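Visitor: attaching a predicted model along with its sequence, questions to come.
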Amino acid sequence: QEKLVESGGGLVQAGGSLTLSCTASGRSLNLYNRNWFRQAPGKEREFVARIDWTGLNIDYTDSVKGRFTISRDNAKNTLYLQMNSLKPEDTADYYCAATDGWSALPEDMDVWGKGTLVTVSS
């Protein structure tokens, strides 16, 4: 059974950077499109970024455009999220997910990781 494991979360000051990783194991997800979501305390899970299986099609939510970069390395079965110029409002649990469609909706995801916490202090 496929499994996604996120890593790279932590505590960072506003303006700092973090890189999240999401490694897949079990069945290969290299032909799946991959997404990052986040969920802040008391809020709904929201879409952050997505990348198709080729790496050629990428999409971001407006609040992270120009600051976050999604990428993938299919040889390593790994998805990345480079986060720069972090803001306190970026504080959340970050989740990676995989889908065989092209969607930004949580309910359309086929596989989920368990999340990694990012805390941005002011």
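Guide: Structure's in. What do you need? Just so it is clear, the model here is predicted, and its values are computed rather than measured.
Visitor: in what helix or strand does the spatially most central residue of the chain lie?
Guide: For the chain, the residue nearest the mean C-alpha position is residue 36 (2.5 Å; C-alpha atoms, centre = their mean). Secondary-structure element containing residue 36, defined by DSSP states H and E: strand 33-39.
Visitor: buried stuff in that strand?
Guide: Within strand 33-39, the residues that count as buried by 16 or more other C-beta atoms under 10 Å are 33, 34, 35, 36, 37, 38. The way it works is simple: take the backbone N, C-alpha and C, and place the C-beta from them, glycine included.
Visitor: same deal with stretch 91-105?
Guide: With burial defined by 16+ other C-beta under 10 Å, the residues of stretch 91-105 counted as buried are 91, 92, 93, 94, 95, 96, 97, 98, 99, 104.
Visitor: can you pick out the most distant pair from those residues?
Guide: Distances among the buried residues of stretch 91-105 were taken as C-beta to C-beta; the most separated pair is 91 and 99, at 25.5 Å.
Visitor: the buried residues of stretch 91-105 in strands, which ones?
Guide: In strands, judged by DSSP state E, the following of the buried residues of stretch 91-105 are found: 92, 93, 94, 95, 96, 97, 98, 99.
Visitor: from the chain's centroid, how far away is whichever helix or strand comes after the strand holding residue 36?
Guide: Where DSSP H and E defines the elements, the next helix or strand beyond strand 33-39 is strand 46-51. Relative to its parent chain, strand 46-51 has a centroid offset of 6 Å by C-alpha atoms, centre = their mean, to the nearest Å.
Visitor: name the helices or strands packed onto whatever helix or strand comes next after strand 46-51?
Guide: Using DSSP H and E, the helix or strand that follows strand 46-51 in sequence is strand 58-60. Contacting strand 58-60 under the criterion 3 or more C-beta pairs under 8 Å, 6 or more residues apart in numbering; DSSP states H and E are the following elements: strand 46-51, strand 68-73.
Visitor: swap in 6 Å and give it another go.
Guide: Contact here means 3 or more C-beta pairs under 6 Å, 6 or more residues apart in numbering; DSSP states H and E; on that basis strand 58-60 packs against strand 46-51.
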